[in-house]
Structures are given as C-alpha cells and as structure tokens.
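Trainee: Compute the structure for the input listed below.
(one chain, ligands or ions: 1)
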Amino acid sequence: MAPASSSAPAMGLHLKQKIAKVFEESLRITVPYELDIEPAIAPCQNPDFGDYQCNNAMGLWSKIKGKDTLFESSELIGEAIVKNLPPSAMIESCSVGQNGFVNITLSNKWMAKSIHEMLVHGIKTWAPELPCKRAVVDFSSPNIAKEMHVGHLRSTIIGDTLARMLEYSNVEVLRRNHVGDWGTQFGMLIEFFFEKFPSKDISSDQAIGDLENLTWISPFKAFYKASKLRFDNNPVFKERAQRAVVSLQAGEEKYRKAWAQICEISRRGYEKVYQRLGVHLEERVMLLKFGTRIKLFNHKYAISNDFFLFYPSPLQGESFYNPYIPAVLKLLDEKGLVKESEGACVVPIEGKRIPLIVVKKDGGYNYASTDLAALWYRLNEERAEWIIYVTDVGQREHFEMIFSAAKRAGWLPADRNKYPKASHVGFGLVLGEDGKRFRTRSKAKEWTAEELDGTAEAVSYGAVKYADLKNNRTTNYTFNFDQMLNDKGNTAVYLQYAHARICSIIKRSVKDVDELKKIGPVELAHPDERALGLRLLQFPEIVEEACTKLLPSVICEYLYNLSEDATRLYTNCQVRKRAGSYSARQQGWL
Ligand code: ARG
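Mentor: Residues are numbered from 1 along each chain as shown. You can find the predicted model right below:
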C-alpha cells in the first residue's frame, strides 16, 4: 500500500487531484493505448453511492467499442479500472454502477488524518496552486464627477472578492481602479468649476470643502448636470470649455490643477464607500524628490525624506494610460491592424460588423484606445499574466473586441485558456422589487441623513455583499432587504449565525485548539461528522474552482453547505461533557 503523504506542510495536490492521480495510474494500465486520457473525477451526486465518482468508462466504451476485444461493455471497463487501481490508503472501497461509473468511498481513517493535518498546518496551507503568479483586477472604476451607481458598487464587491480569492491562492494582485478621469468632459467641468468658484484659490482646501459640501456622492451629479446644461445651451461657454480641454491636454498648470482638484473630490467620495465596505484598492509607488511636500489622502501632509515613498492613491485611471496611447497605436499600425474609415482610425475585428474605433474623427482618443494602452501596459510593464475586468455585462462586446485586437497583435495567445490571459467578468443588473433597474435613491423621495444612517445600520455590509456574491454573477438580481436579512436561507446572516454558534461551542467546551493539534486525528464516527469532514477536505478544490471560473458564488455555496453540515452535526451529535454525553443543544450551550 502506498502510504498517504503525512508531514508535507504545503497542501500540494487537493483531494480531487489526489483521487485523479490514483485513477490515472489505473487508466494507464486499463487502456494503455489511450495516451492522453484524463481521469474524470467528480463528487458523487448521490452521497449514498460514495464520495466521489470516476466517469471515464462510458466515454471510453464509445471510443473503443469493437476495437478492444477485452471489454464488452462499459461496466466491464469500470470493473477493470477498479481492479487496476494501485494500493492507496485514501480509498476505502469502490463499486461499479450502471454504465461503468465507479463510485469511490474514502477511508475514514485517511480523512481524519488529513483533517488533522489541515488543523496543524493552518489555513494558509490549504490554498490551491494556480498557474498564475501575478494578476490585475480592474474593478470598481467609477467616473469622476459622475455619480457612483449601483453597478459600480457591484463591481467593487465582486472585484474585491475575486482579488481576495486570488491573493489567498498566492497570486500577487494589482488592484486597479480604472476611474474615468480623462476626456473632453473635463473641459466643461473645469470651466464650470472656474465659474462657480471665481474668487477662490482652487488649490485651497476651502474650495474643495465647498464643492464637497454641495452634497456627498451625488454633489457631482448636480455639478455634472448643471455644467452639461450650460455646455449644451450656452455657445460661449461651450467654446471656452473646448479651449479648456486643449489647455488641459497641453498641461497648462491652472487647468491641470483644477482637474486634479475635481478628481481629488471624487476620490474622497469613493474612499468613504470603500472604507465602509472594507475594500482596499491599489496603492501606487511614486518617485519623489527629496524634501517634496506631499498631500496625503487623509488630509495630512508628509515630507518625503527618501526618493521613494508610498503614496496611497487609488487612481490609476484613464489619464494614467493616456501618454502611452500613441506608441501603442503605432505598434498596432506596424502590424497592419489599423485602417482608416470615414476619417477615423479603426481596428477591424473578425466576426464583428462594427470595427473598434481607436482614434475619433476629431483626432481624439477614446475609451477603446485607452483600454488598449492599459492592456499593453499591464502585460508588458506590469508583467501581469491574468488581467481581469469587472463591469456589467453591457460592456462584454467592448472587451471582446479589445481582446481580439490584442490577440491579433500577438500580445495574447490565440488559445483563451493559455496565459497570459484576459477575462471579462460581467455581472447582471440589480433590479428593484418592481423588476426595474434598481435606483440607489428612489425617485419619489430623497432619503434623509438619519434614514440613510438607520438603514445602513440595519443592513449589515455582509448581508449586502453576500446577496451580491451568492448569485451566479451574470444573472440579474433583485435587491430585497427581507431576503438578505433572512436568518434561515442562504444569507450572510445565516452564515454569521452558524459561525457564532460554532464559536460558542468551542468556547464552552473549554478545549484548547493547540492541545487538540497535539492529540492527533479525531474519529469520524457519526455520518454527520464524516459529512462535515469531507466538506472540509474539499475546501482547496472549491477555492480553485472559484478562482478558475472567477465565480465567487462557488465559495458562497460551499460556505452555505458547510454551515448546514456544521448545524446538522451539533444538533444531532453528542458533544462530550464530564457527566455523560449530551448533544450541544441538550447541554444548553447554544
Ligand atoms: N469607468 C467605466 C464605467 O463606469 C468602467 C471602466 C472599466 N474598466 C476598464 N478598463 N474599461 O463604465
């Protein structure tokens, strides 16, 4: 019998991979001529049959029928697979079902030992190994001076979760907030800003304060709307605004300053949202001259006493990539990808009726040229192997076109499963209970500050986040407080409740976890204990699946099942007490 690996601190292969490895050996012996056959292992759909199943026999049968006279049915292939299994401490028994499916039951002893190892080595060692070392997650990404809407909130929650999943799996994640901080609208905003605050030194804190005070997140909504109105209706203003864009792009100080100011105000607004959600976005290292006075995010100043200083700036948005656009377009042009069309420059994309416009008729760059430059920068300067974009599904087409262009340019491999890889993580709309697009504030009634505070208190952030994450992200979902706060369904509240109960059992049992580590494996005697044990052993493969598919809902479902297993266990099982044995509930621990 091959001994199960015992003292390796790193997880290495996860449970499913370990099973696959054993079955791979058997398949080599059973069908030696099938050189590239991969073992098809999956959890058993019906736990009464076993823990996992091997699904290779049926496919093999249709392939070798009539060719290999050794086997006369898929069942016989299944039986041969079982017979040829190498000895393994992991597997207790196997049975062959209809069509040759092999049901696998794991050994209780092996399971107990593996769980004990998980306990001893700690959660860090449970992480799966991903074939990627550095990733960019482009998420949140609201637009400066516009309202941060519920779609940006979804992007923030999903993007942060994906980043955490990858970070846990030892991938270095560059969290990028691709804010819309560049474009012709800034001419209009800057001119309006000058009009609104003519007497103020725009670099003063007071000007910022005044603007901030207009309102909080939506101050800008009003500011943007008002400036747009003026732009549309006043030709003199319009002309000034157009000149302002030119001045801004030419780097004139007065305009640059006003632009930076407007960005800073928006940024302070977002930061409040990020802080509340516990979301962290990128920090950028800036090279600063000795003695430079730097304004920090939290309204403080610092003097750099070194050449390097960490400047916490969540902005590596559109403006950051602007200087790279000409060179990147030149690269595409050299490959013969850029064509002229009706005065604009475009990249035709195979299978798409409309090409990707990269230089507008007026010579300006746009969202697409910025994204091409950003993708190039992330691949070549930041050396990321996986670039992940989190936006609503409405932008799928845009990203498909960007990725196609990058493939044609040779920046990305043609095979979408190979690295470096770019993925668009699209999510659906958030709907109100009326089935229409959810609005952050209802039209009929603006909420008062107290109402808002009260609601924020009542709804834990966990509930909101979880409601967002547990759905397959591509579907729309209905925003419903009652459902989110239900303590029985698949909600954050239920998970927190299960967690609190488990903590209370641990506390009242007066057991020292470090002592348990020394004692050695537990016994998985009761079926509920075994079910919980199996679930725990599956953690690494679940994280791997969630990361590979970029689906946080896979982890949510796992956590829900885990909580159910734990609840069943402490309801049904005996928990030890000095005098006799009672279930945790009988003992009044819960
Ligand atoms: N600012 C954009 C929006 O609000 C989202 C940006 C997404 N990221 C990107 N690299 N295009 O729609």
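Trainee: And residue 246, which helix or strand is it part of?
Mentor: Residue 246 belongs to helix 235-249 when elements are defined using DSSP states H and E.
Trainee: Check which element follows that helix along the chain.
Mentor: With DSSP H and E, the next secondary element past helix 235-249 is helix 253-277.
Trainee: give me the number of residues near residue 32?
Mentor: Close neighbours of residue 32, defined as other C-beta atoms under 10 Å, add up to 8. Using the backbone N, CA and C atoms, a C-beta is placed for each residue, glycine as well.
Trainee: Same check on residue 67?
Mentor: Neighbours around residue 67, by other C-beta under 10 Å: 9.
Trainee: what's next to stretch 351-369, contact-wise?
Mentor: Outside stretch 351-369, the residues within contact range by C-beta atoms under 8 Å, 6 or more residues apart in numbering are 184, 318, 322, 325, 328-329, 332, 338-339, 341-349, 372, 397-398, 400-402, 404-405.
Trainee: just stretch 547-560 next, same as before
Mentor: With C-beta under 8 Å, 6+ apart as the criterion, stretch 547-560 contacts 128, 130, 158, 161-162, 165-166, 169, 171, 388, 423, 425, 466, 469-473, 490, 494-495, 535, 538-539, 542-543, 545-546.
Trainee: Of those, which ones also sit close to the ligand?
Mentor: Contacts with the ligand within the contacts of stretch 547-560, counted by C-beta under 6 Å from any ligand atom: none were found.
Trainee: and these, which are buried?
Mentor: 128, 130, 158, 161-162, 165-166, 169, 171, 388, 423, 425, 466, 469-471, 473, 490, 494-495, 535, 538-539, 542-543, 545-546 (16 or more other C-beta atoms under 10 Å).
Trainee: Show me what the helix holding residue 246 packs onto, helices and strands only.
Mentor: helix 185-196, helix 219-233, helix 253-277 (3 or more C-beta pairs under 8 Å, 6 or more residues apart in numbering; DSSP states H and E).
Trainee: so which of these is the most packed in?
Mentor: Highest mean neighbour count among these (mean count of other C-beta atoms under 10 Å): helix 185-196, with a mean of 22.
Trainee: same question for it, mean pLDDT?
Mentor: Across helix 185-196, pLDDT averages out at 89.
Trainee: which residues are contacting stretch 146-160?
Mentor: 137-142, 175, 180, 217-218, 220-221, 224, 269-270, 273-274, 277, 279-280, 388, 390-392, 425, 427, 429-430, 438-440, 464-465, 468-469, 473, 479, 552.
Trainee: how close does the nearest residue to residue 545 once chain neighbours are set aside sit to the ligand?
Mentor: Closest residue to residue 545 apart from its sequence neighbours, by C-beta to C-beta, 6 or more residues apart in numbering: residue 554 at 5.3 Å. Distance of residue 554 to the ligand, given as C-beta to the nearest ligand atom, to the nearest Å: 24 Å.
Trainee: what does this protein put close to the ligand?
Mentor: Those residues of the chain that sit near the ligand, judged by C-beta under 6 Å from any ligand atom, are 138, 141, 142, 143, 178, 180, 371, 374, 389, 391.
Trainee: Could you give the bridge partners of the last one?
Mentor: In this structure, residue 391 has the following beta-bridge partners (DSSP bridges): residue 426.
Trainee: What degree of burial does it show, as a neighbour count?
Mentor: 24.
Trainee: who are the neighbours in contact with it?
Mentor: 141, 151, 155, 399, 424, 425, 426, 427.
Trainee: Give me the neighbour count for the residue nearest to residue 545.
Mentor: So residue 554, with other C-beta under 10 Å, has 20 neighbours.
Trainee: tell me the secondary structure for it?
Mentor: helix (DSSP: H, G, I helix; E, B strand; the rest coil).
Trainee: What are the buried residues along the host helix or strand of residue 566?
Mentor: Here residue 566, judged by DSSP H and E, is contained in helix 552-572. Buried residues in helix 552-572, counted by 16+ other C-beta under 10 Å: 552-567, 569-570.
Trainee: just how off-centre is stretch 393-400 within its chain?
Mentor: Remark: stretch 393-400 is offset 17 Å from the chain centroid, using C-alpha atoms, centre = their mean, to the nearest Å.
Trainee: can you check stretch 265-273 too?
Mentor: 22 Å.
Trainee: And stretch 396-412, by the same measure?
Mentor: 21 Å.
Trainee: contacting residues around that stretch?
Mentor: Outside stretch 396-412, the residues touching it (C-beta under 8 Å, 6+ apart) are 331-332, 335, 337, 347, 349-350, 352, 356, 367-368, 371-372, 375-376, 379-380, 389, 391, 413-414, 420-422, 424, 426.
Trainee: before we move on, what about stretch 41-49?
Mentor: With C-beta under 8 Å, 6+ apart, stretch 41-49 has contacts from 16, 19-20, 23, 50-55, 95, 97, 103-104, 531, 538.
Trainee: farthest-separated two in these?
Mentor: Maximum pairwise distance among the contacts of stretch 41-49 (C-beta to C-beta): 22.9 Å, between 23 and 531.
Trainee: ok, these two, which is more surrounded?
Mentor: Between residue 23 and residue 531, counting by other C-beta under 10 Å, residue 23 is the more crowded of the two (27 against 19).
Trainee: Quickly note the distance from the nearest residue to residue 238 once chain neighbours are set aside to the ligand.
Mentor: Setting aside the residues directly before and after it, residue 238 is nearest to residue 231 in space (C-beta to C-beta, 6+ apart), at 5.4 Å. From residue 231 across to the ligand, the span is 20 Å (C-beta to the nearest ligand atom).
Trainee: same question, residue 192
Mentor: 21 Å.
Trainee: Need the residue closest to the centroid of the chain.
Mentor: Nearest to the mean C-alpha position of the chain, by C-alpha atoms, centre = their mean, lies residue 162 at 1.8 Å.
Trainee: helix/strand/coil for that one?
Mentor: helix.
Trainee: do you know how far it is from residue 25?
Mentor: 35 Å (C-beta to C-beta, to the nearest Å).
Trainee: now residue 258
Mentor: The value you get for residue 258 to residue 25, if C-beta to C-beta is used, is 69 Å.
Trainee: Next secondary structure after the lowest-mean-pLDDT helix or strand in the chain?
Mentor: Least confident helix or strand, the chain: strand 308-311 with a mean of 36, by mean pLDDT, DSSP states H and E. Next helix or strand after strand 308-311 toward the C-terminus (DSSP H and E): helix 318-321.
Trainee: and that following helix, how far out from the chain's middle?
Mentor: That offset, for helix 318-321, works out to 23 Å (C-alpha atoms, centre = their mean).
Trainee: Buried residues in the next helix or strand after it, which are they?
Mentor: Note on helix 318-321: by DSSP H and E, the next helix or strand toward the C-terminus is helix 325-334. Neighbour counts using 16+ other C-beta under 10 Å place 325, 328, 329, 331, 332 of helix 325-334 among the buried residues.
Trainee: What of stretch 99-116?
Mentor: 100-108, 110-116.
Trainee: Narrow those residues to those in helices?
Mentor: 108, 110, 111, 112, 113, 114, 115, 116 (DSSP state H).
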